[in-house]
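> Predicted model follows, preceded by the sequence.
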Amino acid sequence: MEFFAGNYDVAVIGAGHAGIEAALAAARLGCRTVIFTITLDFVGNMPCNPSIGGTSKGHLVREIDALGGEMGKAADRNSIQTRMLNRGKGPAVHSLRAQIDRRHYSAYMKHCLETQEHLDLKQAEIVDLRRDGDDWLLVTKLDAVYTAKAVVLATGTFLNGKVYVGDKCYSSGPDGIFPAVGLTDALLKIGLPLRRFKTGTPSRVNRRSVDFSELEVQEGDEKPVPFSFETETPPENQAVCYISYTNERTKQVILENIDRSPLYGGKIEGIGPRYCPSIEDKIMRFSEKERHQLFIEPCGLDTEELYLQGMSSSLPEDVQLQFLRTIKGLEHVEVMRNAYAIEYDCVDPIAMKPTLEFKDFPLLYGAGQFNGSSGYEEAAAQGLVAGVNAALKVSGREPMILDRAGSYIGTLIDDLVTKGCNEPYRMMTSRSEYRLYLRQDNADIRLTAIGHDIGLISDERYEAFKKKLVQIAEERKRVENTVIAPSETADAVMIRSGTAPLTTGCKLAELIKRPQLGYELLTPLDKDRPALPDAVFEQVETELKYEGYIKRQMSQIADMRRLEVKLIPEDIDYHDVTGLRLEAAEKLARIRPVNIGQASRISGVSPADISVLLIYLSKKGK
Amino acid sequence: MSVIAAIATPNASGGIGVIRISGEGAIGVAESVFRAASGKKLGDLPGYSALYGHVYDGDERIDECVALVFRAPKSYTGEDVAELSCHGGLYVTQRVLRAVLAHGAVPAEAGEFTKRAFLNGKIDLAEAEAVMNIISAHGQQALNAAMNTLDGKLSEKVHAIASSLTHLSAAIAVWTDDPDEDVPEAHEENVRKGIEDALARLEELLRNFDSGRAVTQGVSAAICGHPNVGKSTLMNLLTGFDRSIVTDIAGTTRDVVEETVRIGDIVLRLADTAGIHDSDDPVESIGIDRSLQKIDSSELILAVFDSSQDLTQDDTLLLEKCRGKRAVAILNKTDLPPKLDPEIIRQSIPQLVSISAVTGEGIEELKSALSSVLGTAELDTSSGMLANERQYLCCQQAVSSLREALDGLTLGITLDAVNVSMDYAIQKLLELTGEKVRDAVVNEVFAEFCVGK
């Protein structure tokens, strides 16, 4: 029998990376918040790779941090190896990546939720969700009924999860946890456009069974850098990764057994991501490739489980073992958990606004894999945005919409809600047209003020941030006014770096601009350099070196933002707009863009359609 | 709002051609192509005033011009507006437009002046719906026109260039986005080679644009020369060359008649002053004056001389006018004993043919002289060519982005920045072929590279 169990402002379904950020944000903004999870032992679980960050994902983590999210701090506290990727390939693609002790991470996040004021963490499976007057009504498997003003759906791969291994398939969440089976019907009854996506994970093997003697070692950075702008003590490297490769025999084993794959046998209907192919996919699609690389990554400090990145598979267990043992170092490998594919229900994100609220269902929000994305970082980013907006709306405040020009988070959400996705969406630097500006090093400059306005960034942190801005400005002024005179020392520096010696005095800023030079190399000539944090010098150097490019991006951004501020009323009837082409009217009616900028990014909407729309809007406005 | 520009007069020859420039900074853009005879600056003028002078493309004088200045909000669009009124003729107006676009204006979308006028409250509310319909119709028309002019060959060509750049960009993207993966390093030398190759192909398209127009749209040509030199006979001979496609277009002014003639691959729009038809006009110099005026606004001059007579004063004047222009000297009346020294003429007009307009002798030589002067000799017209200014501008913007990418490589700028310039070029090229661009590189990464866990 149903019984009333509690009333909240915001309820979050799912305590994965999206749910955690959503719940923390809402509670930190003062909303009475509850977060439900199927099991308390897997809060913030990493059922796939034991790492956070990487190209563009590292950017997302820094942005989450700048807005007051938790992921960056949690990663810093539980990281066992960090590397800044792409050093030497340019500041836009520098990306931080950390190996994480997944159990410690989970414990940290659980404790974080437990200690958060205004937040209740509960183990319960939500099986029904329905509207009751102004409230949402959430019913658990045990008939407990909760009411909430706003709900965030962050069900990850649990929703109607189904695991595939060879010809075996069974209902399950990731890592052998129970799936969420009741909620799908409730969501369909509400009218959400659900569909099925697929993802997969490789085997975990016992360290004792791996022969590392001939494998390539991958060490962490000598000088680790944290994700969070607030982390003062950088993490230490405590583990290494190893690299090995598949070979001709691996390929042979897979090809001989390809008909036993559920994917190639036609059993899986869900759409898998192209960028995260199983090893059998790689071998089928890139048959000319002689070998495929795999990384052997530790899952934590107090476990012997190793993760085999690159070897995700849904082939039968016996085939998995057979092909793994063809690989150098894994000849005698013992598998602890087999690889599997998992299929789950998710929603078509076109049904959502850039606030991640459903257009047709006020105060219902979605985040993470439920929205069709993939990856812990993508999930956390959306969780933060959904949680913040749920809290803002409940409190009667204006929503937070992050635009493409200001963040990867904004780009991610704009892509999802404007273009939709046909496969799990992964962030990539090439997805951002403004990527020279959207760097991981300036995430704080781009977003701290927004985080402070919302109320997730403390006054203290905001003051420290403003001080950093002043330092950057003053240092910039200093290098632009400091002249370096020709000298023997100067000649030596220039010649050593392969650039022209000075013939007359030259501004320090001009020297920093030279691609061959930089702060570090110019130290012997820059006698009056003030003692400032490295991050300040890094900003000044990047700003100077890429000045022309950044200026152009800023002017593109200014153009773009002019259209973003022209809002389209929610009740617009596109078929009533004289002169709008039918194709455009239909596309616009389906996507229902919030502003002219978003409308102009819809494929099939031409500049002439936008003009017609602008005129219609200003006519209505009068 | 950006500064927009377009030809505001009907897209036909004759009369006056007006290039309208609108937006904040429009007068500055006009200033950069216009020099007043008085030395005054357009920027110093109040609204509703004008200056007489010339339009320039760099240091080259294109045409005489009257520049009008309107100050916001008192203009058609409600913004700062400059209007450059030149002699008519498609060629001259388009050259002026191109110069304006090169100085920071962007081509106006269909109906954009009207749209801005509306948004700035210059058009009555009652007119709004009509305006929307017009824009919509223009938009559809432009779309259709783009489809029609985008012949398969050009689309193929541009697409091929865009694909090779996309592939290159994807290689850089995957190399940076998946640094731990076993993917080939994006070597700077490969990137440079790829960009240089694309540049060469795009520059060829740009070069062929003008010659291509001679084929697709025709070249305005003026037949000049003093009376009785045989201009009318030449005109008749040329128009009789392929009677079936000759049309008569009366210009907006009664005294100019154009006839369109196909000679081999080339379409010539032959302009003849009325004065030439009135060859018994007692004031011969008037005819000459008109011919000389016509020289300024034509793309090609057919300067006709009487080889059986000595050079007259008018001839010398004509030669001077033709110096440095695209011109063919035609020594007529080879059926009579020669008196004129062709070398004197060659000093001003290197391209010279002798014909007899009466017998038709030398007409083949004239044809090949035209080809070589217009650059259509080496042009393979079936290979796909840019068809309009918009396509030309897209192509040009792609070229300048690629040059920037090359400069970046030379300076040692990292590939992440170089790749942004390349992406911009790809975007412009796909804009030209009408494809949506944003996912091109991302899709290429997935299709071509094996990445992921």
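Yep, it's here.

> Return the residues of the stretch 401-550 of chain A in contact with chain B.
A:428-431, A:433, A:435-436, A:515-516, A:545-546, A:549 (Cβ under 8 Å from any Cβ of the partner chain). C-betas here are computed from N, CA, C, even on glycine.

> Which member of the residues you listed is positioned nearest B:Leu154?
A:Glu433 (26.0 Å; Cβ to Cβ).

> picking up where we left off before, of the residues of the stretch 401-550 of chain A next to chain B, which belong to helices?
A:545, A:549 (DSSP state H).

> Farthest-apart pair in the residues of the stretch 401-550 of chain A next to chain B, please.
Largest pairwise distance in these, by Cβ to Cβ, is 31.3 Å, between A:Arg431 and A:Gln516.

> ok, the two, which is more surrounded?
Neighbours were counted for A:Arg431 and for A:Gln516 using other Cβ atoms under 10 Å in any protein chain shown; A:Arg431 has more, 22 against 14.

> Wait, A:Val61 touches A:Ile52, no?
Yes - with contact defined as Cβ atoms under 8 Å, A:Val61 and A:Ile52 form a contacting pair (6.3 Å).

> Report the set of residues contacting both of these two.
Common neighbours of A:Val61 and A:Ile52, using Cβ atoms under 8 Å, 6 or more residues apart in numbering or on different chains, are A:71, A:75, A:227, A:377.

> strand partners of the helix or strand containing A:Tyr164, parallel vs antiparallel please.
Assigning secondary structure by DSSP states H and E places A:Tyr164 in strand A:162-165. Applying DSSP bridges, strand A:162-165 is found paired with strand A:168-171 (antiparallel), strand A:340-347 (antiparallel).

> looking at it, A:Ala235 is touching A:Ala74, isn't it?
Careful, residue A:235 is Pro; it's not Ala. No - when contacts are counted by Cβ under 8 Å, A:Pro235 is not listed as touching A:Ala74 (11.4 Å).

> and the two? which has more neighbours close in?
Remark: of A:Pro235 and A:Ala74, A:Ala74 carries more neighbours, 25 against 21, as counted by other Cβ under 10 Å.

> which residues sit in contact with that one?
A:44, A:105, A:108-109, A:112.

> Now with 10 Å, please.
Listed by Cβ atoms under 10 Å, 6 or more residues apart in numbering or on different chains, the contact set of A:Ala74 reads A:17, A:20, A:44, A:52, A:61, A:100, A:104-106, A:108-109, A:112, A:227-228, A:380.

> returning to that earlier point: which among the shared contacts of A:Val61 and A:Ile52 gets closest to chain B?
A:Glu377 (13.8 Å; Cβ to the nearest Cβ).

> quick one: the strands in chain B?
B:4-7, B:16-22, B:34-36, B:49-57, B:60-70, B:81-87, B:106-107, B:219-224, B:247-250, B:256-263, B:266-273, B:300-306, B:327-332, B:352-354 (DSSP state E).

> okay, now the domains of the chain?
Just going to use chain A. Structurally, chain A divides into domains by automatic domain parsing as follows: A:204-341, A:459-534, A:565-621.

> try again with chain B
Taken from automatic domain parsing, chain B resolves into B:4-108, B:156-211+B:385-448, B:217-378.

> Give me the distance between A:Ile457 and chain B.
29 Å (Cβ to the nearest Cβ, to the nearest Å).

> try A:Lys466
29 Å.

> is it true that A:Pro530 touches A:Glu474?
Yes - A:Pro530 is in contact with A:Glu474 according to Cβ atoms under 10 Å; the separation is 8.3 Å.

> Residues that sit against both of those two, list them.
Joint contacts of A:Pro530 and A:Glu474 (Cβ under 10 Å, 6+ apart) are A:Val536.

> so can I have a markdown table of the domains of chain B showing distance to chain A?
Shown next, in a markdown table, are the domains of chain B (distance: least, Cβ to the nearest Cβ, whole Å):
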| stretch | distance to chain A |
| --- | --- |
| domain B:4-108 | 11 |
| domain B:156-211+B:385-448 | 3 |
| domain B:217-378 | 24 |
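
> Any idea which of these has the lowest pLDDT on average?
For these, the weakest mean pLDDT is recorded on domain B:217-378, namely a mean of 71.

> Now A:Gly182, what are its backbone angles?
Main-chain dihedrals, A:Gly182, degrees, to the nearest 10: phi -80, psi -30.

> residues in contact with it?
A:125-129, A:139-141, A:159-160.

> pLDDT value on the residue in the stretch 501-622 of chain A that chain B sits nearest to, please?
Ranked by Cβ to the nearest Cβ, the top residue of the stretch 501-622 of chain A for proximity to chain B is A:Ala608, at 2.4 Å. Note for A:Ala608: predicted pLDDT of 75.

> For residue 302, which residues are in contact?
All of this refers to chain A. Per Cβ under 10 Å, 6+ apart, neighbours of A:Asp302: A:101, A:103-104.

> ah, no, chain B please
Taking Cβ under 10 Å, 6+ apart as the test, what B:Leu302 contacts is B:221-225, B:231, B:234-235, B:238, B:268, B:270, B:327-330, B:353, B:366, B:369-370.

> That one pairs with what?
Beta-bridge partners, per DSSP bridges, of B:Leu302: B:Ile223, B:Val328.

> what about it, distance to B:Glu189?
From B:Leu302 over to B:Glu189 the distance is 50 Å, taken as Cβ to Cβ, to the nearest Å.

> before we move on, what about A:Arg496?
If you go by Cβ to Cβ, the gap between A:Arg496 and B:Glu189 works out to 25 Å.

> Does A:Val225 fall in a helix, a strand, or a coil region?
coil (DSSP: H, G, I helix; E, B strand; the rest coil).

> Now do the same contact list for it.
Contacts of A:Val225 (Cβ under 10 Å, 6+ apart): A:76, A:82-84, A:94, A:96, A:98, A:231, A:234-235, A:440-441, A:534-535.

> try it again with 6 Å
When contacts are counted by Cβ atoms under 6 Å, 6 or more residues apart in numbering or on different chains, A:Val225 touches A:Met84.

> Which residue comes closest to A:Gly30 once chain neighbours are left out?
A:His118 (6.4 Å; Cβ to Cβ, 6 or more residues apart in numbering or on different chains).

> What is the neighbour count of that neighbour?
Neighbour tally, A:His118, other Cβ under 10 Å: 17.

> And B:Ala327, by the same measure?
B:Ala327: 26 neighbours (other Cβ under 10 Å).
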